[in-house]
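Visitor: just the structure for this:
(one chain, ligands or ions: 1)
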Amino acid sequence: MAATEKIVRCPGCGGDSVFAPTNLYRPFCSERCKNLDLGAWASEAFRVPTEAPPEDLPFGDPKLQ
Ligand SMILES: [Zn+2]
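Guide: Here you go, the predicted model:
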């Protein structure tokens, strides 16, 4: 009788995940889902909003002409 085990929804894939000390990746169902989530967080953290759209770059800086 595993009373401490609980099934939760994996934030990575939406599948069943065992929320217990035996699951090292809880609340994720697997290492893969956990890494995917961390990767998403990292890319969000490094995403810096730019004020000028990239399309303007080919026209150059007017101050240099
Ligand atoms: Zn998952």
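
Visitor: quick one, what contacts L38?
Guide: Residues in contact with L38 (Cβ atoms under 8 Å, 6 or more residues apart in numbering): none are found. Every residue, glycine included, has its C-beta placed from N, CA and C.

Visitor: isn't there a strand covering it?
Guide: No - read with DSSP: H, G, I helix; E, B strand; the rest coil, L38 is helix and lies in no strand.

Visitor: what separation is there between F28 and A40?
Guide: 12 Å (Cβ to Cβ, to the nearest Å).

Visitor: kindly report the same for N23.
Guide: 20 Å.

Visitor: what does K6 give?
Guide: 25 Å.

Visitor: re earlier: more neighbours: N23 and A40, which one.
Guide: N23 (17 against 11; other Cβ atoms under 10 Å).

Visitor: hang on, that one is in a strand, isn't it?
Guide: No - applying three-state DSSP, one finds N23 to be coil, outside a strand.

Visitor: could you number the chain from 56 rather than 1 from now on?
Guide: Sure, I'll start counting at 56 from here, so that last one is N78.
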